[in-house]
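# after the sequence you'll find the predicted model.
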Amino acid sequence: MVITSRPHRRQTLAGELLVWQLAIVVIVLAAVAAVSLAQSQATFDRVEGRRVTALAEETAGNPLVRTQLVRPAPAEMLAPLLQSTLTRSGVTSALVADTDGEIVAATDPTLVGTRMPGEGRQVTEAVGWSGELPVGGVTQLVAQAPVLGAEKKNAGDHLGTVMIGRTSPSVWQRLVGASSYLLVYLGVASVLGVAGSWLLARRIKRQTFGMEPREIAGLAEHREAMLFGIAEGVVALDPHQRLTLVNAVGRGLLDLPENCVGMSLADLGIEGRLYDVLAGTPREGEPGDPARRDEVVIRRGRVLVMNRMDVTKDGRLLGSVTTLRDRTELAQLERELGSFRSSAELLRAQAHEFSNQLHTISGLIQINEHDEVVRYVRALRKHRESLDVSITSRVGDRAVAALLMAKSALAAERKVRLKISERTSLDRLEPTDSADVATVLGNLVDNAVDAAAGGARQGDGDPGAWVEVELRQDASSVEIVVRDSGPGVAPELAQEVFLHGFTTKAAQGGDRGIGLALTRLVCKRRGGEVSVANTEEGAMFTARMSVGRPADRATEAVR
């Protein structure tokens, strides 16, 4: 036997809204009913209290009561009067008591001969009084009025008391009396609640793309798990550049406060390159692009790669989402491997140069120009020796010297002459200092070679294109000056080339342009700075950074 169970059908948003609205309506009606009952009781006490008081005073002032109360058997004459008052006014009870508080006449014969309820100071002091008292086992709203003498011998004397009572309606009686109105109110409220729930549900579902509350809750849970579980930073902005979402990684990478959600980029102090990427500001001279791919930004010592995309729905801009990746460790690794990469580049360039020289020698031998071969070999040796001496005699650090040798060969391939200034002087550095100096120097030389080669005439290389390097060292710092024969840097871009990671190359986007940004980052970490200025011949980049004490050459030699 197979038993199948039907899955439980969850209530829809409209149904939930209807249930809650009906519950609210019932609660409101109960509160209204309670208030109505309290107001009804207060109105009854006020209106009926005045009426029974007036009846009691009227009865106490009746000449028949005033004259018959002191005579024997007053009940025979007063009972018909009290019954007439009861019938005429619709009160519940009426009775007359003497000065001792004993009832002598009443509409309820069983009360005759008993003590009047509330008998006390009101009777003895002949003062009128009204309030609630138990009469015949039932609580009534009563009024007591003194009976004063009417004859000459007892004029003004207190002869007794008249009490008129009116039974208060019970809570159930008042509720039954108002039930018809309450049912009408409940019916009208239910109809309005159903219609309002349906309209409200339609509006909410349009705003939530037709999803039910449980689906929205599930979506929020999945979003939290996804955004806060990935290793990349995520930043979401609305069209007014206010943060609507940022995960913990993004908040840490951008150094944002805990309560940053809801704040604008301006309120958070974000400006410059980072603001342009997050806000999607198009670069000068470029059309606006909703997507920004692999944009490099330097943020408080971190190298960030950012990707931005606009979010639209039915042609309406909802905002943007930007992802961030931290490449600081990768940049540090690249800087540490800079010297090894320079050595590899040197070997490649020398192999290429050596291959060309061998081709030249082979050609001269084939045409039997042996004397020319000898002269050519001597010229090559003299050039190599002069280059080695010009670098090694001024640059004592082997990694930096090897870097300059490599850059000289690479520059020669692009028909750019790399010169070492005669004022150059650099001793051997600590390994960490040497790596940072090599990183800064390599980036500046690469940038200068590109600028000089890019300014060559007709793209074939300008014989006069050159790059000059000058290294100066004192007790605590190293200064690197790189000049080139290129077109220079526009004055308005003198700072942006470092802030935005641009170079003097025309290319933009991707990882290109990160060299100068890393150069500035390394200099700032070492308490220095890098700047650019234009000279009559081209651009001049000046970088300064602090270094440790030069390594002891004697110690190095012993090792």
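Good, I have the coordinates.
# C-alpha only now, for contacts and for neighbours.
Will do.
# return the distance of the residue lying farthest from the centre of the chain relative to residue 16.
Going by C-alpha atoms, centre = their mean, the residue of the chain most distant from its centre is residue 153, 94.4 Å out. Distance, residue 153 to residue 16, using C-alpha to C-alpha, to the nearest Å: 82 Å.
# with adjacent residues omitted, what lies nearest to residue 546?
Using C-alpha to C-alpha, 6 or more residues apart in numbering and skipping the chain neighbours, the partner closest in space to residue 546 is residue 477 (4.0 Å).
# residues contacting that neighbour?
Going by C-alpha atoms under 8 Å, 6 or more residues apart in numbering, residue 477 touches 544, 545, 546, 547, 548.
# quick one, phi/psi of it?
Here is the backbone geometry of residue 477 (degrees, to the nearest 10): phi -150, psi 160.
# and residue 534, by the same measure?
Note on residue 534: backbone dihedrals following degrees, to the nearest 10 are phi -100, psi 140.
# what about it, neighbour count?
17 (other C-alpha atoms under 10 Å).
# look up how far residue 454 lies from it.
The gap separating residue 534 from residue 454 is 17 Å, by C-alpha to C-alpha.
# can you check residue 400 too?
For residue 400, the distance to residue 454 equals 25 Å [C-alpha to C-alpha].
# and what of residue 137?
According to C-alpha to C-alpha, residue 137 and residue 454 sit 116 Å apart.
# got it, and residue 67?
Distance of residue 67 to residue 454, given as C-alpha to C-alpha: 135 Å.
# show me which of these two is the more surrounded one.
Taking neighbours as other C-alpha under 10 Å, residue 67 and residue 454 compare with residue 454 leading, 22 against 16.
# for the residue positioned nearest the centre of the chain, give me the pLDDT.
Residue closest to the average C-alpha location in the chain (C-alpha atoms, centre = their mean): residue 261, at 1.7 Å. Looking at residue 261, its pLDDT reads 88.
# and for residue 503?
44.
# same deal with the one 4 residues further on?
pLDDT recorded at residue 507 is 35.
# any idea where the strands of the stretch 1-150 of the chain begin and end?
Here the stretch 1-150 of the chain has its strands, by DSSP state E, counting those that start in this stretch, at 93-98, 103-106, 129-135, 138-148.
# give the contact list for the residue nearest to residue 275 when sequence neighbours are not counted.
Excluding its sequence neighbours, the residue lying closest to residue 275 (C-alpha to C-alpha, 6+ apart) is residue 265, at 7.2 Å. By C-alpha under 8 Å, 6+ apart, the contact list for residue 265 reads 241, 242, 243, 271, 275.
# go ahead and build a PyMOL selection from the buried members of those.
In PyMOL syntax, the buried subset of the contacts of residue 265 is picked out as below (16 or more other C-alpha atoms under 10 Å):
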select buried, resi 241+242+243+275
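# tell me which two of the contacts of residue 265 sit farthest apart.
243 and 271 (14.6 Å; C-alpha to C-alpha).
# out of the strands of the stretch 1-150 of the chain, which gets the lowest mean score?
Among these, strand 129-135 carries the lowest mean pLDDT, at a mean of 83.
# just the buried residues of that one, please?
Buried positions in strand 129-135, judged by neighbour count with 16+ other C-alpha under 10 Å: 129, 130, 132, 133, 135.
# and these, which is closest to residue 434?
residue 132 (104.5 Å).
# if we can go back for a sec, got the buried residues of strand 129-135 as TSV, with distance to residue 165 columns?
Below are the buried residues of strand 129-135 laid out as TSV (distance: C-alpha to C-alpha, whole Å):
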residue	distance to residue 165
129	12
130	9
132	9
133	9
135	8
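# what's the domain layout of this structure?
Following automatic domain parsing, the chain resolves into domains at 15-173, 228-326, 332-558.
# gap between the closest residue to residue 250 other than its chain neighbours and residue 293?
For residue 250, ignoring the flanking residues on the chain, the nearest one in space by C-alpha to C-alpha, 6+ apart is residue 233 at 3.7 Å. With distances taken as C-alpha to C-alpha, residue 233 is found 15 Å from residue 293.
# got it, and residue 487?
From residue 487 to residue 293 the distance is 29 Å (C-alpha to C-alpha).
# state the pLDDT value of residue 68.
pLDDT, residue 68: 81.
# report the contact partners of it.
For residue 68, the contacting residues are 74, 77, 78, by C-alpha under 8 Å, 6+ apart.
# any chance of JSON lines for the residues you listed, columns neighbour count, distance to residue 316 and pLDDT?
Shown next, in JSON lines, are those (neighbours: other C-alpha atoms under 10 Å; distance: C-alpha to C-alpha, whole Å; pLDDT from 0 to 100):
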{"residue": "74", "neighbour count": "17", "distance to residue 316": "96", "pLDDT": "82"}
{"residue": "77", "neighbour count": "14", "distance to residue 316": "95", "pLDDT": "83"}
{"residue": "78", "neighbour count": "21", "distance to residue 316": "92", "pLDDT": "86"}
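# strands along the stretch 301-450 of the chain, start to end?
Secondary structure of the stretch 301-450 of the chain (DSSP E, counting those that start in this stretch): strands located at 302-313, 316-326, 417-420.
# dump the ones you listed into TSV; add distance to residue 57, mean neighbour count and mean pLDDT as well.
Below are the strands of the stretch 301-450 of the chain laid out as TSV (distance: least, C-alpha to C-alpha, whole Å; neighbours: other C-alpha atoms under 10 Å; pLDDT from 0 to 100):
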stretch	distance to residue 57	mean neighbour count	mean pLDDT
strand 302-313	82	18	83
strand 316-326	80	19	86
strand 417-420	127	21	87
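# among the ones you listed, which is nearest residue 55?
Among the strands of the stretch 301-450 of the chain, strand 316-326 sits nearest to residue 55 (C-alpha to C-alpha), with 77.5 Å.
# if we can go back for a sec, select from the contacts of residue 265 the entry with the lowest predicted confidence.
The lowest pLDDT within the contacts of residue 265 belongs to residue 271, with 82.
# tell me the secondary structure for residue 540?
Secondary structure of residue 540, reduced to three states by DSSP: H, G, I helix; E, B strand; the rest coil: strand.
# re the thing from before, hmm, the residue nearest to the centre of the chain is touching residue 248, no?
No. Residue 261 lies out of contact with residue 248 (C-alpha atoms under 8 Å); the separation is 11.7 Å.
# residue 295 is in contact with residue 276, correct?
No. The criterion here is C-alpha under 8 Å, and residue 276 misses it with residue 295 at 10.3 Å.
# so these two - more neighbours on which side?
Applying other C-alpha under 10 Å to residue 276 and residue 295 shows that residue 295 carries more neighbours, namely 23 against 14.
# correct me, but residue 540 touches residue 486?
No. Here residue 540 does not reach residue 486: they are 9.8 Å apart, not a contact under C-alpha under 8 Å.
# which helix runs longest in this protein?
For the chain, the longest helix by residue count, based on DSSP state H, is helix 13-60.
# what helices or strands is that one leaning on?
Applying 3 or more C-alpha pairs under 8 Å, 6 or more residues apart in numbering; DSSP states H and E, one finds that helix 13-60 makes contact with strand 129-135, strand 138-148, strand 158-167, helix 171-207.
# which one, of the ones you listed, ends up nearest to residue 464?
Comparison of the helices and strands packed on helix 13-60 against residue 464 by C-alpha to C-alpha identifies helix 171-207 as nearest, at 67.7 Å.
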